[in-house]
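*Asks:* Predicted model and sequence follow; I will ask about them next.
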Amino acid sequence: NAGVTQTPKFRVLKTGQSMTLLCAQDMNHEYMYWYRQDPGMGLRLIHYSVGEGTTAKGEVPDGYNVSRLKKQNFLLGLESAAPSQTSVYFCASSYSGTSEAFFGQGTRLTVV
Amino acid sequence: EDQVTQSPEALRLQEGESSSLNCSYTVSGLRGLFWYRQDPGKGPEFLFTLYSAGEEKEKERLKATLTKKESFLHITAPKPEDSATYLCAVQRKRETSGSRLTFGEGTQLTVNP
């Protein structure tokens, strides 16, 4: 039972490049989330999904897009990376809207 | 706007030296307060959820308590393996579904042998 798996673990991008972060969960959870973690800022919600085919904006959605085509996968896209998007990105999932979230191991992204 | 403030930012203890971490919060209608542990280079790991003032939960050397304005994470006789960053988060009661957590910046705990 892998839980929440994020791909890749590390990535370096040049400004203006695009990329997709993949999150997969094997717990049959309905809810999935993308957070970013920055020093002095804590974890901040980027986008979330309450079920297959649904997405919603979180606290800091600008510059990111997401898709939830399959229940087990939640993709985070950066269309044109900026240095301000240098961060550690965490995916999480939960059974319901009120239950605890399980986090992946994170993706460290550097935009130069 | 929901706010979570954790103190201290960093805490260094000797093995066996008990202490408490604080999480002060402001939220419009609390659904739940969550405590997570985060090890370096890892994702947060769930510890506790507290729902109402007066509630307490325990796990090994950790005990979490909740009042209407703050939560405490008490660590009794800590061991070096308790060293980690402890995160607090609140979830507001919302009309629509969606588990949106507001996190504090965390307390970095170091326990020396």
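*Replies:* Arrived safely. Residues are numbered from 1 along each chain as shown, chains lettered A, B, ... in the order given.
*Asks:* By proximity to chain B, which residue of chain A wins?
*Replies:* Residue nearest to chain B within chain A: A:Phe103 (3.3 Å; Cβ to the nearest Cβ). Yep, even glycine has a C-beta here, placed from its N, CA and C like the rest.
*Asks:* doesn't B:Glu45 make contact with that residue?
*Replies:* Yes. Between A:Phe103 and B:Glu45 there is a contact under Cβ atoms under 8 Å: 7.3 Å.
*Asks:* Need the residues touching each of the two.
*Replies:* Residues touching both A:Phe103 and B:Glu45 by Cβ atoms under 8 Å, 6 or more residues apart in numbering or on different chains: B:Tyr36.
*Asks:* What's opposite the residue of chain A closest to chain B in the beta bridge?
*Replies:* With DSSP bridges as the criterion, A:Phe103 is bridged to A:Ala92.
*Asks:* same deal with B:Leu73?
*Replies:* Per DSSP bridges, the residues bridged to B:Leu73 are B:Leu21, B:Ala64.
*Asks:* what's the spacing between it and chain A?
*Replies:* According to Cβ to the nearest Cβ, to the nearest Å, B:Leu73 and chain A sit 16 Å apart.
*Asks:* wait, isn't that residue in contact with B:Leu11?
*Replies:* No. Between B:Leu73 and B:Leu11 there is no contact, the gap being 10.7 Å when judged by Cβ under 8 Å.
*Asks:* got the residues of chain B near chain A?
*Replies:* B:4, B:31-32, B:34, B:36, B:41-46, B:49, B:87, B:89, B:91, B:97-101, B:103-106 (Cβ under 8 Å from any Cβ of the partner chain).
*Asks:* Around the residue of chain B found nearest chain A, how many other residues sit close by?
*Replies:* Nearest to chain A in chain B, going by Cβ to the nearest Cβ, is B:Gly43, at a distance of 3.3 Å. With neighbours defined by other Cβ atoms under 10 Å in any protein chain shown, the count for B:Gly43 comes to 23.
*Asks:* again with A:Ser49
*Replies:* A:Ser49: 22 neighbours (other Cβ under 10 Å).
*Asks:* Leaving out sequence neighbours, find the closest residue to it.
*Replies:* Excluding the flanking residues, the one nearest A:Ser49 by Cβ to Cβ, 6 or more residues apart in numbering or on different chains is A:Arg68, at 4.2 Å.
*Asks:* Next one, pLDDT for the one you found please.
*Replies:* pLDDT recorded at A:Arg68 is 97.
*Asks:* That one: what's it in contact with?
*Replies:* Counted by Cβ under 8 Å, 6+ apart, A:Arg68 has contacts A:Met32, A:Ser49, A:Gly51, A:Glu52, A:Gly53, A:Thr54, A:Thr55, A:Phe74, A:Leu75.
*Asks:* Looking at those, which one is closest to A:Pro8?
*Replies:* Closest to A:Pro8 out of those is A:Leu75 (12.9 Å), distances taken as Cβ to Cβ.
*Asks:* which parts of chain A sit against chain B?
*Replies:* Counting by Cβ under 8 Å from any Cβ, chain A sits next to chain B at A:4, A:31, A:33, A:40-45, A:48, A:50, A:56, A:58-59, A:90, A:92, A:94, A:96-106.
*Asks:* and those residues, which are buried?
*Replies:* A:4, A:31, A:33, A:42-45, A:48, A:50, A:56, A:58, A:90, A:92, A:94, A:97, A:99-104, A:106 (16 or more other Cβ atoms under 10 Å in any protein chain shown).
*Asks:* where does chain A have low pLDDT?
*Replies:* Chain A contains residues with pLDDT under 70 at A:1.
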